[in-house]
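Trainee: Predicted model and sequence follow; I will ask about them next.
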Amino acid sequence: MTATMIDGKAFAAGLRERVGAAAATFTARAGRRPGLAVVLVGEDAASAVYVRSKGKATVASGMESIEHRLPADTTQDALIALVDALNADDAVDGILVQLPLPRHIDEQAVLIRIDPDKDVDGFHPVNAGRLATGMDGLVPCTPLGCILLLKDRHASLSGMEAVVIGRSNIVGKPMAQLLLKESCTVTTVHSRTRDVAGHVRRADIVVAAVGIPAFVRADWVKPGATVIDVGINRTDAGLVGDVDPAAAEVAGAMTPVPGGVGPMTIAVLMRNTLVAAHRRAGLPAPEGL
Ligand code: NAD
């Protein structure tokens with residue numbers, strides 16, 4: 001193997017430690033802990049696991065975890081009323097409504113109701129607009145985690161050719177915006193792109209967020225490229241990414257699955273909650289995060 005494996009687990013642990021230290025300083029100055037409210041509607045098993053690990057990480061970071069578990073038949077109006085109450089609650093700095101929501105609830109109608117300054121998932125159109133126009137805002141956790149790993153690997157991303165595979169609002173689109181902000185030349189490829197392999201072959205940076213096991217083949221990767229694999233695919237062989245592990249023979253650096261991007265998402269959620277708390281308290285943003 002030629003690629004350096006990018007240890008997202010270790011980087012995420014370091015980030016969580018820095019967030020914990022900054023949260024303690026915030027608590028001493030503000031007289032209260034930063035608070036993250038997580039709302040889970042229904043019994044989806046994977047969502048319940050995510051919510052549990054988010055709650056544990058929040059407490060471990062010295063922040064207040066406020067969990068709301070609502071039955072699957074909760075009405076959209078009742079959920080929106082809860083979001084309104086959390087928006088108005090001064091002890092709450094971050095609000096996260098766990099997706100997917102039950103089918104009778106319109107996700108957009110709920111997400112758009114979250115106060116953008118408490119929107120630690122960064123999914124609100126106001127935060128998408130802030131990201132697109134270069135204003136300070138809250139940025140979706142997974143793509144921000146990818147950028148942190150890339151910046152740890154490269155002193156500057158300026159001028160690099162970056163190819164993002166996937167155009168979801170959660171990963172692909174904000175990822176492309178973040179790379180553009182770092183002065184990369186960015187191409188977003190998607191399900192209707194004619195020659196995905198041809199685009200990937202040009203890339204110094206590849207970010208794969210497709211949801212198809214081993215979609216990116218080793219012979220697509222430019223020798224020495226940095227490959228960030230966002231994919232989490234459950235297969236009979238266990239968890240696999242969107243990039244063929246054989247690409248590590250060609251790439252210069254690559255994130256493994258598991259242990260690459262995955263651990264970054266919750267660490268960045270903690271970071272976003274802390275940043276939201278500082279902004280709401282009128283304190284300068286904590287450094288080094
Ligand atoms: P999504 O299904 O919303 O989007 C997938 C994207 O892939 C689409 O934009 C589509 O255009 C593109 N695509 C599909 N087939 C393609 C093809 N043949 N060629 C090129 N592009 C194609 O998925 P998502 O929410 O963006 O997630 C993508 C992957 O990342 C999934 O495996 C998901 O589990 C994973 N994920 C991981 C984390 C994490 O914490 N590490 C967070 C979010 C998502």
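Mentor: Done, it's in. Residues are numbered from 1 along each chain as shown.

Trainee: can you pull out the helices in the stretch 51-200 of the chain?
Mentor: For the stretch 51-200 of the chain, the helices defined by DSSP state H, counting those that start in this stretch occupy 76-88, 107-111, 125-133, 141-153, 172-181, 196-201.

Trainee: Out of those helices, the one nearest Ser47 is which?
Mentor: Of all the helices of the stretch 51-200 of the chain, helix 107-111 sits nearest to Ser47, with 13.0 Å by C-beta to C-beta. Any C-beta I mention is one placed from the backbone N, CA and C, and that applies to glycine too.

Trainee: picking up where we left off before, now the helices of the stretch 51-200 of the chain as CSV including distance to the ligand?
Mentor: Putting those into CSV (distance: least, C-beta to the nearest ligand atom, whole Å) gives the following:
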stretch, distance to the ligand
helix 76-88, 22
helix 107-111, 13
helix 125-133, 14
helix 141-153, 4
helix 172-181, 5
helix 196-201, 5
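
Trainee: The host helix or strand of Thr265 vs helix 141-153, what angle?
Mentor: When elements are assigned from DSSP states H and E, Thr265 belongs to helix 262-281. Counting by axes from the mean of the first three to the mean of the last three C-alpha atoms, to 10 degrees, helix 262-281 points 100 degrees away from the direction of helix 141-153.

Trainee: what packs against helix 262-281?
Mentor: helix 8-30, strand 35-41, helix 45-60, strand 94-97, helix 141-153 (3 or more C-beta pairs under 8 Å, 6 or more residues apart in numbering; DSSP states H and E).

Trainee: quick one: contacts of the second one?
Mentor: With C-beta atoms under 8 Å, 6 or more residues apart in numbering as the contact definition, strand 35-41 has outside contacts at 47-48, 51, 54-55, 58, 63-72, 74, 79, 82-83, 86, 89, 91-98, 101-102, 105, 120, 269, 273, 277.

Trainee: Do I have it right that Glu107 meets Gln98?
Mentor: No. Taking contacts as C-beta atoms under 8 Å, Glu107 lies outside contact range of Gln98: 10.8 Å.

Trainee: The two: which has the busier surroundings?
Mentor: For Glu107 and Gln98, the more surrounded residue by other C-beta atoms under 10 Å is Gln98, and the numbers stand at 20 against 15.

Trainee: ok, the more buried one to the ligand distance?
Mentor: Separation of Gln98 from the ligand (C-beta to the nearest ligand atom, to the nearest Å) stands at 13 Å.

Trainee: what do you get for Thr185?
Mentor: Noted for Thr185: a distance of 19 Å to the ligand, by C-beta to the nearest ligand atom.

Trainee: which residues sit in contact with the nearest residue to that residue once chain neighbours are set aside?
Mentor: What sits nearest to Thr185 in space, not counting adjacent residues and going by C-beta to C-beta, 6 or more residues apart in numbering, is Glu161, at 5.3 Å. By C-beta under 8 Å, 6+ apart, Glu161 lies in contact with 184-185, 187, 202-205.

Trainee: ok, now Val51?
Mentor: By C-beta under 8 Å, 6+ apart, the contact list for Val51 reads 38, 40, 67, 69, 98.

Trainee: Tell me the confidence at Thr2?
Mentor: In this model, Thr2 is scored at 87, pLDDT.

Trainee: residues in the stretch 1-150 of the chain within reach of the ligand, list them.
Mentor: Residues of the stretch 1-150 of the chain found near the ligand (C-beta under 6 Å from any ligand atom) are Thr142.

Trainee: Noted, bye for now.
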